[in-house]
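Undergrad: after the sequence you'll find the predicted model.
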Amino acid sequence: PFFFSVPVAEGSYRVTVVVGGEQAATTTVWSEARRLSLEKIATAANASKTETFDVNVRTPEIAGDAAHHVRLKPREVGNLDWDTKLTLEFNGDHPSVRRISIKPITPHEPTIYLAGDSTVVDQDVEPWAAWGQMLPRFFRPGVVVANHAESGETIKSFVSEQRFAKIFSLIQPGDYLFMQFNHNDQKINPKTHQPVVTLDEYKQLLTEYIAKARAAGATPVLVTSMNRRTFDATGHITNSLAGYPDAMREVAAHQHAALIDLNAMSKTLFEAMGPEGTLKAFMHFPANAYPNQTEPISDDTHFNKYGAYELARCIVHGIRAANLPIKKFLIKDIPDFDPSHPDPIFDLPATPIPPKTTNVMKVHQT
């Protein structure tokens, strides 16, 4: 695998690559911090293919003001999602490229802004992954995904860390704001013995940001959080997310907002996979499966690339079911997804783990 980076201003760009080389190749392209842009493009020896996709680039500054910026976590400092360049990773079997063209997208095209937590974020270190970084793969040029989700976030901290402020400094009429919060909101504050974000606060903030999105001419879309890997003795998923999915459904109904019920779809998906099959979708790996991983990983909340990809397919199904106008930009040769019939287990090329990463078991949650 190899990388290509070029300094660019904040904004969205149309990238055209001509892939192929002297050997037969299968080339996968990740953009920025492991956003899946092209999946396994096969070329014969001495042949080539031309592919085009859109990439969003951002910086922490809000409206160009260095004094007003997103409060980045330590793990985000220097992250490819927050720097002043556009980065492409070419990976796979003899990955190869003949030409790269990068052009600013003008006029503005519809942008899907993602607000959420570690199950949505661009996970930048193998083997972690989340559905937000898989979503670009399913869109053709004409719409761009701007994933502002971050690990550890609640809807309240998304406000206080200026992440919503960043999105609303950029959002334009015709854009979309997808919001998925729950996993951290429900955690108990040891001082108050109450959830970090109570259900009343949760509903109030969802309502507020639905209104803000609409005032900006954008379309708000609520996404209920996927279930954790919590099976009962009969092989059914149990609810570990308290009343938050129902609260989001209630807000969506009252506000007549689009809803993608990932919570319901993930229950169907995980039960179809079963307790053993879901081990291949969640973060379950023996020790030393990856560099700098000295202990087993056993995590029933987060996903590897296969699990994240399947959840992204659920989101795409939800876009179609909600009849959102952006469905016209979905890649037409990918059939609709039935969560009760998951794809066979597969893998995607692994991004090299950066030398600074000393522990792949913890870096994503710093």
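TA: Cool, the structure landed.

Undergrad: tell me which helix or strand in this protein has the weakest average pLDDT.
TA: Least confident helix or strand of the chain, by mean pLDDT, DSSP states H and E, is strand 65-69 with a mean of 86.

Undergrad: roughly how far is it from the heart of the chain?
TA: Counting by C-alpha atoms, centre = their mean, to the nearest Å, strand 65-69 is centred 25 Å from the centre of its parent chain.

Undergrad: again, but for stretch 342-357
TA: On the basis of C-alpha atoms, centre = their mean, stretch 342-357 sits 15 Å off its chain's mean C-alpha point.

Undergrad: taking the mean pLDDT, what do you get for it?
TA: For stretch 342-357, the per-residue pLDDT values average out at 89.

Undergrad: list the buried residues of it.
TA: 342, 348-349, 351, 353, 357 (16 or more other C-beta atoms under 10 Å). For every residue, glycine as well, the C-beta is placed using N, CA and C.

Undergrad: would you agree residue 337 is in contact with residue 313?
TA: Yes - the pair residue 337 / residue 313 is scored as a contact, 4.0 Å apart, by C-beta atoms under 8 Å.

Undergrad: when these two are compared, which one has more neighbours?
TA: Legend: neighbour count by other C-beta atoms under 10 Å for residue 337 and residue 313, higher for residue 313 (25 against 21).

Undergrad: since we're on residue 333, how many residues are nearby?
TA: 6.

Undergrad: where does it land on pLDDT?
TA: As predicted, residue 333 sits at a pLDDT of 89.

Undergrad: any idea how far it is from residue 55?
TA: Remark: distance between residue 333 and residue 55 (C-beta to C-beta, to the nearest Å) = 21 Å.

Undergrad: picking that back up, now the element after the least confident helix or strand of the chain, going C-ward?
TA: Using DSSP states H and E, the helix or strand that follows strand 65-69 in sequence is strand 85-93.

Undergrad: got the residue ranges for the helices in this protein?
TA: For the chain, the helices defined by DSSP state H occupy 131-134, 155-160, 163-170, 199-215, 244-255, 262-277, 305-321.

Undergrad: what's in contact with the second one?
TA: Which is helix 155-160. Residues outside helix 155-160 that contact it (C-beta atoms under 8 Å, 6 or more residues apart in numbering) are 71, 115, 164-165, 179, 181, 184-185, 196-197, 201-202, 205-206, 209.

Undergrad: same question, stretch 33-43
TA: Residues from elsewhere that reach stretch 33-43, judged by C-beta under 8 Å, 6+ apart: 15, 17, 19-21, 24-31, 49, 51, 53, 55, 79-81, 88-89, 92, 96, 122-124, 129, 133-134, 136-137, 145, 147, 309, 348, 351.

Undergrad: what's the answer for stretch 147-154, then?
TA: 35, 56, 58, 73, 75-76, 81, 113-118, 120-122, 130, 132-133, 135, 161, 163, 166-167, 180-181, 184-185, 196-197, 364-366.

Undergrad: including mean pLDDT, could the helices of the chain go into JSON lines?
TA: Formatted as JSON lines, these follow (pLDDT from 0 to 100):
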{"stretch": "helix 131-134", "mean pLDDT": "98"}
{"stretch": "helix 155-160", "mean pLDDT": "98"}
{"stretch": "helix 163-170", "mean pLDDT": "98"}
{"stretch": "helix 199-215", "mean pLDDT": "98"}
{"stretch": "helix 244-255", "mean pLDDT": "98"}
{"stretch": "helix 262-277", "mean pLDDT": "98"}
{"stretch": "helix 305-321", "mean pLDDT": "98"}
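
Undergrad: with just CA atoms, put the least confident helix or strand of the chain into PDB.
TA: What follows is strand 65-69, C-alpha atoms only, in PDB (Å, rounded to 0.1, in the frame of the first residue of the first chain):
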ATOM      1  CA  ASP A  65     -10.900  32.000  12.700                       C
ATOM      2  CA  ALA A  66      -7.900  30.300  14.500                       C
ATOM      3  CA  ALA A  67      -9.300  31.500  17.800                       C
ATOM      4  CA  HIS A  68     -12.600  29.800  17.200                       C
ATOM      5  CA  HIS A  69     -12.100  26.100  16.600                       C
END
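
Undergrad: which one of the helices of the chain lies closest to residue 100?
TA: Closest approach to residue 100 among these is made by helix 131-134 (20.7 Å; C-beta to C-beta).

Undergrad: packing partners of that closest one?
TA: If contacts are counted by 3 or more C-beta pairs under 8 Å, 6 or more residues apart in numbering; DSSP states H and E, helix 131-134 sits against strand 35-43, strand 144-147, helix 305-321.
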